[in-house]
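1. Below is the sequence, then the predicted model.
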Amino acid sequence: MEAFDLKRMLLDEFPVLFLGEVALRASFAYLAVFAFLKISGRRGVRQLSLFEVVVILTLGSAAGDVSFYDDVPLLPIVMVFITLLVLYRATTYAMERSPRFGAWMEGKPMVIIRDGQYDLPTLEATNISDDEFFMELRQQGVEHLGQVRLGILEVNGDVSLYFFDSDETRHGLSVLPPSERVVVETVHQNGLYACCRCGFVQSLDYGQGGPCPRCERKRWSMATDRPRAR
């Protein structure tokens, strides 16, 4: 084998007309996945449950095989799609009949923010990146946790937020990027500081720090009570 052989890299031993067959196979796979989504009643990817993501990934694998491999016939792929559709219908039917099974398959909404602070049991039970979660909050107009009365982590990964009225806004942990907030272990001026892990707010004097009484973490950021812009 010769390295960087353009003929092998571009088409190998296949005839040029095989490109037309690839186009036909890719079109078939595209229409099959589209038909599955239409029949299943899905309108968008953000509505997919964990089970549905698994189904779509399996469909994608089958679609990729039939698109590129000349020795993969079409009818077995049709059977794969039919089987997955039957499994999908059976699973959704079982989820509707059994709330316990449905909760096991999709999970339940969880309170992640309560009264301007993280809900610790939920925080410890979920693998959430602070940066990614803060980005989600910023996209919904949140500057700090003290603006949020209740935050619910939905089963599809979205965050539903319920806000305090402007005159009820509390001091809270800033969710701005690191360049816009200072994080310290020992404070350099008197004031209210929020724990960078759980959002607990307490008054600290110059030179103080130490573990948070709520979660025992040792990183603090100056708390803010700026009302939410409307």
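-> Everything's here; your move. Residues are numbered from 1 along each chain as shown.

2. buried residues in stretch 11-23?
-> The neighbour-count check on stretch 11-23 (16 or more other CB atoms under 10 Å) flags nothing as buried. For glycine as for every other residue, the C-beta is placed from the backbone atoms N, C-alpha and C.

3. For that stretch, give the mean pLDDT please.
-> Average pLDDT, stretch 11-23: 76.

4. what's the first-to-last distance across that stretch?
-> 14 Å (CA to CA, to the nearest Å).

5. With stretch 120-138 instead?
-> Taking CA to CA, the first and last residues of stretch 120-138 lie 21 Å apart.

6. quick one: it to chain centroid distance?
-> A distance of 10 Å separates the C-alpha centroid of stretch 120-138 from that of its chain, computed with CA atoms, centre = their mean, to the nearest Å.

7. Break this structure down into its structural domains.
-> Annotated domains of the chain cover 11-104, 110-222 [automatic domain parsing].

8. now, of the ones you listed, which is deepest in the fold?
-> domain 110-222 (a mean of 16; mean count of other CB atoms under 10 Å).

9. And that one, end to end?
-> Length of domain 110-222, first residue to last, CA to CA: 27 Å.

10. for stretch 161-177, same thing?
-> Stretch 161-177: ends 20 Å apart by CA to CA.

11. Quick check: mean pLDDT of that stretch?
-> 93.

12. likewise stretch 65-74?
-> 68.

13. End to end on that stretch, go ahead and measure it.
-> Stretch 65-74: ends 10 Å apart by CA to CA.

14. go on, stretch 158-178?
-> Length of stretch 158-178, first residue to last, CA to CA: 23 Å.

15. Give me the residue at the spatial middle of the protein.
-> residue 157 (4.6 Å; CA atoms, centre = their mean).

16. would you say that one is within a strand?
-> No - counting by DSSP: H, G, I helix; E, B strand; the rest coil, residue 157 is not found in a strand; it is coil.

17. Now residue 185: phi and psi?
-> Residue 185 has phi and psi values of phi -100, psi -30 when expressed as degrees, to the nearest 10.

18. can you offset everything so residue one is 409?
-> Sure thing, new numbering starts at 409, so read that last one as residue 593.

19. Arrange the domains of the chain in JSON lines, one row each, with distance to residue 637 as further columns.
-> Below are the domains of the chain laid out as JSON lines (distance: least, CB to CB, whole Å):
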{"stretch": "domain 419-512", "distance to residue 637": "26"}
{"stretch": "domain 518-630", "distance to residue 637": "7"}
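
20. Surely residue 571 touches residue 557?
-> Yes - applying CB atoms under 8 Å, one finds residue 571 in contact with residue 557, separated by 6.0 Å.

21. Mind listing the residues bridging to residue 592?
-> residue 628 (DSSP bridges).

22. Could you double-check that it sits in contact with residue 627?
-> Yes - between residue 592 and residue 627 there is a contact under CB under 8 Å: 7.4 Å.

23. What ranges does this structure have for its helices?
-> 414-418, 426-448, 458-476, 482-505, 507-514, 528-533, 538-547 (DSSP state H).

24. so which of those comes closest to residue 619?
-> Across the helices of the chain, the minimum distance to residue 619, taken as CB to CB, is reached by helix 528-533, at 14.2 Å.

25. Report all helices and strands that that closest one contacts.
-> Counting contacts by 3 or more CB pairs under 8 Å, 6 or more residues apart in numbering; DSSP states H and E, helix 528-533 packs against strand 518-522.
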